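Asks: sequence? don't have it. structure:
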C-alpha cells in the first residue's frame, strides 16, 4: 500500500514554483491575461508530469489514484523539479506562441470560427465513447510529441474534429465502432504526429473572458 501524500499541498508548491517562472518571463503582462496564462501553465505542467510518471497509460484510470501517484512522484523528484520545470517552460513558451491565437472580443471570435461546423450527430457519438480515456490518450501523445501548451483544449478539439469527420462520412454508429476497435485512436495518433509539420495555431483564447473557447 502506497503512503498517503498531500496532493493539494504538492499542487500548491508547484503552482508557486511556476508562478516565479511566469513573473520572470511575463511580468509586464496585464493582470487578467497573466492570471489566464498561469492557469494554463499549471494545468499543462501537471499533465506533463502525469505523462512522465506513466499515469495516463493506465488501462483503467482513477482520478483519486492518479492524484496520489502524481503526488508521490513529485515528492520523489522535488530536488530537481525546478530544473525540470525551467526546461519544460522554455518549450511551453515556444509552443504557446505557436499554437495559441489570442482574440479579444466576441465579434473577433465569431469571425475566426464562423466557417467551423459540427455535425448534428456528433453528440450522439460522443455519448457512446469514453471521452476521458480518449483525452488522456491524446494528451499523453501530444506531450510526447513536444506539444505541451493548451493540451486539454487541443485534445478536446482534435477528438471532436476527428470524430466529426467519421460521423459525417459514415454516421455515429460507425464512429462508435471505430472507437471500440481502436481505429479512431489510430486516426488521432496520425493526426498528432502530423502536427510536427504544421505550425498553425490550434487554439483560440478569448482573453476578455479569461477562458478558452473552441470552435
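Replies: Ah, there it is. This is a predicted model, so every value here is computed, not measured.

Asks: Pull the number of nearby residues for the residue lying closest to residue 61 once chain neighbours are set aside.
Replies: In space, residue 61 comes closest to residue 136 once its chain neighbours are excluded; the distance is 6.1 Å by C-beta to C-beta, 6 or more residues apart in numbering. From N, CA and C alone the C-beta is placed, and that goes for glycine too. Neighbour count of residue 136, defined by other C-beta atoms under 10 Å: 21.

Asks: Use 333 as the first number from now on
Replies: Renumbered: residue one is now 333, and that last one reads residue 468.

Asks: And residue 468, how far from residue 341?
Replies: In this view, residue 468 and residue 341 are 24 Å apart by C-beta to C-beta, to the nearest Å.

Asks: just the strands in this protein please.
Replies: Secondary structure of the chain by DSSP state E: the strands cover 432-435, 535-538, 543-544.

Asks: averaging pLDDT over each of those, which comes out lowest?
Replies: Mean pLDDT per stretch puts strand 543-544 lowest among these, at a mean of 42.

Asks: Domain-wise, how is the chain divided?
Replies: 339-433, 438-544 (automatic domain parsing).

Asks: Just give me the lowest mean pLDDT stretch among those.
Replies: Comparing mean pLDDT across these, the weakest is domain 438-544, with a mean of 87.

Asks: how far is that domain from where the chain is centred?
Replies: 11 Å (C-alpha atoms, centre = their mean, to the nearest Å).

Asks: Which strands and helices lie in contact with the longest helix along the chain?
Replies: Identified as the longest helix of the chain according to DSSP state H is helix 363-384. Contacts defined by 3 or more C-beta pairs under 8 Å, 6 or more residues apart in numbering; DSSP states H and E place helix 363-384 against helix 339-358, helix 395-408, helix 413-431, helix 463-476, helix 483-502.

Asks: at 6 Å what do you get?
Replies: Packing contacts for helix 363-384, counted by 3 or more C-beta pairs under 6 Å, 6 or more residues apart in numbering; DSSP states H and E, involve helix 339-358, helix 463-476.

Asks: Show me the contact partners of it.
Replies: Residues outside helix 363-384 that contact it (C-beta atoms under 6 Å, 6 or more residues apart in numbering): 347, 350, 354, 358, 388, 402, 420, 471-472, 475, 480-481, 483, 539, 542.
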